[in-house]
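> quick one, structure for this:
(2 chains)
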There are 2 protein chains.
Amino acid sequence: MAVYTDVSAEDLGRFLAGYDLGELLSYKGIAEGVENSNFLVHTGSGHYILTLYEKRVAAGDVPFFLALMEHLASRGITCPQPVKNRSGQALGELCGRPAAIVTFLDGMWMRRPDAGHCAAVGEALARMHLAGADFAGQRRNTLSVTGWRPLFEQAADRADSLQHGMRATIEEELGKLEKSWPRDLPQGVIHADLFPDNVFFLGDRLSGLIDFYFACTDTLAFDVAICLNAWCFEPDHSYNVTKGRNLLAAYIKTRPLSDAERNALPMLARGAAMRFLLTRLVDWLNVPAGALVQPKNPLEYFRKLRFHQKAASVHDYGLPAEGTRA
Amino acid sequence: MAVYTDVSAEDLGRFLAGYDLGELLSYKGIAEGVENSNFLVHTGSGHYILTLYEKRVAAGDVPFFLALMEHLASRGITCPQPVKNRSGQALGELCGRPAAIVTFLDGMWMRRPDAGHCAAVGEALARMHLAGADFAGQRRNTLSVTGWRPLFEQAADRADSLQHGMRATIEEELGKLEKSWPRDLPQGVIHADLFPDNVFFLGDRLSGLIDFYFACTDTLAFDVAICLNAWCFEPDHSYNVTKGRNLLAAYIKTRPLSDAERNALPMLARGAAMRFLLTRLVDWLNVPAGALVQPKNPLEYFRKLRFHQKAASVHDYGLPAEGTRA
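Numbers count the residues shown, from 1 in each chain, chains lettered A, B, ... in the order given. Predicted coordinates for the structure are as follows:
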């Protein structure tokens, strides 16, 4: 939950004067999201989300994110749509920060997703990957394998304060990941952060995807691996194979996984666990005084990593092994 | 900013099933308010505010607050209106907490109120006091003079850690307040927390009052003194006499202050500064680990108290002294 930058009514009114959205009627900071400041804005023409991009989002990347949301929507993916101002620009500046207005999307995120929700997210992810196939934008994933060691170096000397042996385990695992990371799998636009709080449902129907601010060009199956980590573990950190089967089966029904992608899945899942373990570890060890955001516990992903290290094949994730080369 | 209790879509859906508000379409935690958890809820019939009353609000007091909002609205004061469920109840329970739905009010609160806003709040406060005159409910103000010493005792031994001499200053001031506190002034329903974030404007027009969760039965002029503290000081803690004059002049145009009330105003302003100094001091010294709310700095009210201690009469607050007995 976060609003890092408060906005005065006068400043917001001036910003909105550049848009055809009618009069400003109200705005409230939203206690969701950990990277940016988000406001729910009511104007004469409806409800919108205003986002101020805070320092962890590079200003130069925002046009990529906004263009991607437009592209995906034009291909039938329900996601927030950037609203352009009278000059045709979706990106502006407010309180010294890059700022954009996007359409408001109804729907609720599932605090306790069940196996049915996992199937829905598997299908939506595959549809998003297909819809992104002809997107022209490119953005390197700074949080993939080459980005992990610099993160680890920020946290290494204090990692064992969280759990004895964590430093050595990460060090050894990083070496394996750097050596064995799959580099020849199908690439494309990935969401890279499709956690439950970024997927909206209305009743049991998936109604939209939000928060594309980690989206990038990377291995499509890595996105699947991120979702397995984010959706298919129970609160006690045990893997729920029914959820995994549902997610994978729904994904491959829309976008089949090649044998190479299937074989790589355990390694990709290890990498996905490592990516979230490391960013959480760095955040955990660097909580500023007076922080308004409670950092997420890195141990959750340390335990998930342990699971993936023991997985022998995609079969352990719930997908039947047939069709997979031995 | 705060959402202390997260609510799942399933739980909220079940709660809303008891109301005639249509289908749940979305809800988002609001990063405002420091006492309760607030959500902006969108249903088939419109937008609402859902409040979960957290531990600092006594469950037994909530019916008083809800009845007051209904009463004031029936007397022409724009404030959120409690929505009743199918059993005719405005107060329910959600996630183990007392919970209520109120109507959504458009409007923005002023981060940098000017003298015009101060006049508007003075008039609105007087109108609220008149509108509350025939309200049957009663609630003792637990944060008036008899409540201050117990607060001080929680903080006394660490008060000097904030500013040298604070403990002795508060101790001495408390003695004076307890001895000289005005007890025979007109009583009624007061808001008791009418800070800028609880007053909405649309353009320059005051459009509504919110957050009645400190409202109680107390000295009406004490509410004026709270507003002088909350609205008429600059960010550097200097008193802006133009703002004070505007607030007081607008108030007395709607509800004249008696001579006794005018004479008591400096003492009431000292008490109001003491009340917020003490609650902020206790909060400041008791921030729990992982707190999601940044406590407000008590020193602001220590400085305001110093100003009030030097005030000789209501004239120092901007009101002409004529009509005041010497």
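> is chain B within reach of the helix or strand hosting A:Ser26?
Per DSSP states H and E, A:Ser26 falls inside strand A:24-29. Yes. With CB under 8 Å from any CB of the partner chain as the criterion, chain B is reached by strand A:24-29 at A:24-29. Where C-beta positions appear, they are placed from N, C-alpha and C, glycine not excepted.
> can you list the strands that that strand pairs with?
strand A:37-43 (antiparallel) (DSSP bridges).
> quick one: contacts of the partner strand?
A:2-5, A:7, A:12, A:16, A:21-30, A:32, A:47-52, A:54, A:97, A:101, A:104, B:28, B:40, B:47, B:106 (CB atoms under 8 Å, 6 or more residues apart in numbering or on different chains).
> now stretch A:54-67
A:4-5, A:35-37, A:53, A:82, A:90-91, A:97-98, A:100, A:135, A:137-139, A:212-213, A:215.
> let's see it as PDB, backbone CA atoms only.
Extracted in PDB, the C-alpha atoms of stretch A:54-67 (Å, rounded to 0.1, in the frame of the first residue of the first chain):
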ATOM      1  CA  GLU A  54       8.200   6.900  -8.700                       C
ATOM      2  CA  LYS A  55      11.900   6.500  -8.900                       C
ATOM      3  CA  ARG A  56      11.900   2.700  -9.400                       C
ATOM      4  CA  VAL A  57      10.300   3.100 -12.700                       C
ATOM      5  CA  ALA A  58      12.600   4.700 -15.300                       C
ATOM      6  CA  ALA A  59      10.800   7.600 -17.000                       C
ATOM      7  CA  GLY A  60      12.100   6.400 -20.400                       C
ATOM      8  CA  ASP A  61      10.300   3.100 -20.000                       C
ATOM      9  CA  VAL A  62       6.800   4.600 -19.400                       C
ATOM     10  CA  PRO A  63       6.000   5.000 -23.100                       C
ATOM     11  CA  PHE A  64       6.700   1.300 -23.600                       C
ATOM     12  CA  PHE A  65       4.300   0.400 -20.900                       C
ATOM     13  CA  LEU A  66       1.500   2.700 -22.200                       C
ATOM     14  CA  ALA A  67       2.000   1.600 -25.800                       C
END
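> quick check: mean pLDDT of it?
The average pLDDT within stretch A:54-67 is 89.
> give me the contact list for stretch A:239-253.
With CB under 8 Å, 6+ apart, stretch A:239-253 has contacts from A:113-116, A:118-123, A:125-126, A:224, A:227-228, A:231-234, A:257, A:304, A:307, A:314, A:316-319.
> buried among the residues you listed? Need that as a selection in PyMOL.
Buried residues among those (16 or more other CB atoms under 10 Å in any protein chain shown), as a PyMOL selection:
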select buried, chain A and resi 113+115+118+119+120+121+122+123+125+126+224+227+228+231+232+233+257+304+307+314+316+317+318+319
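> for chain A, what's the longest helix?
helix A:259-285 (DSSP state H).
> and the next helix or strand after that helix, does that touch chain B?
As assigned by DSSP H and E, the chain's next helix or strand after helix A:259-285 is helix A:299-310. No. Interface with chain B: helix A:299-310 contributes nothing (CB under 8 Å from any CB), its closest point being 15.1 Å away.
> what angle do helix A:259-285 and helix A:299-310 make with each other?
When axes from the mean of the first three to the mean of the last three CA atoms, to 10 degrees is applied, the directions of helix A:299-310 and helix A:259-285 differ by 150 degrees.
> surely A:Cys95 meets A:Tyr4?
No. With contact defined as CB atoms under 8 Å, A:Cys95 does not reach A:Tyr4; the gap is 10.0 Å.
> list residues touching both of those two?
A:Leu52.
> between the two, which has more neighbouring residues?
A:Tyr4 (19 against 15; other CB atoms under 10 Å in any protein chain shown).
> ok, the more buried one to chain B distance?
Distance from A:Tyr4 to chain B, counting by CB to the nearest CB, to the nearest Å: 10 Å.
> now the longest helix of chain A: average pLDDT?
Mean predicted confidence for helix A:259-285 is 96.
> over to stretch A:218-225?
Here the average pLDDT along stretch A:218-225 is 98.
> enumerate the residues of chain A near chain B.
Near chain B, when you scan chain A using CB under 8 Å from any CB, you find A:1-3, A:6, A:8-10, A:12, A:24-32, A:40, A:42, A:47, A:104-112, A:200-202, A:290, A:292-294.
> those residues, buried ones only, as a ChimeraX selection?
To isolate the buried subset of the residues of chain A next to chain B in ChimeraX, counting by 16+ other CB under 10 Å, use the following:
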select /A:1,2,3,9,12,24,25,26,27,28,29,30,31,32,40,42,47,104,105,107,108,109,110,200,201,202,292
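> need the phi and psi values for the residue nearest to the spatial centre of chain A.
Centroid-nearest residue in chain A, with CA atoms, centre = their mean: A:Asp193, separated by 1.1 Å. Main-chain torsions, A:Asp193, degrees, to the nearest 10: phi -150, psi 40.
> got a list of what it touches?
Contacts of A:Asp193 by CB under 8 Å, 6+ apart are A:211, A:213-215, A:226.
> can you do 6 Å?
By CB atoms under 6 Å, 6 or more residues apart in numbering or on different chains, A:Asp193 lies in contact with A:Phe214.
> with A:Ser144 instead?
Here A:Ser144 is in contact with A:Asp218 (criterion: CB under 6 Å, 6+ apart).
> now do it against chain B, distance only.
In this view, A:Ser144 and chain B are 31 Å apart by CB to the nearest CB.
> also A:Arg86?
21 Å.
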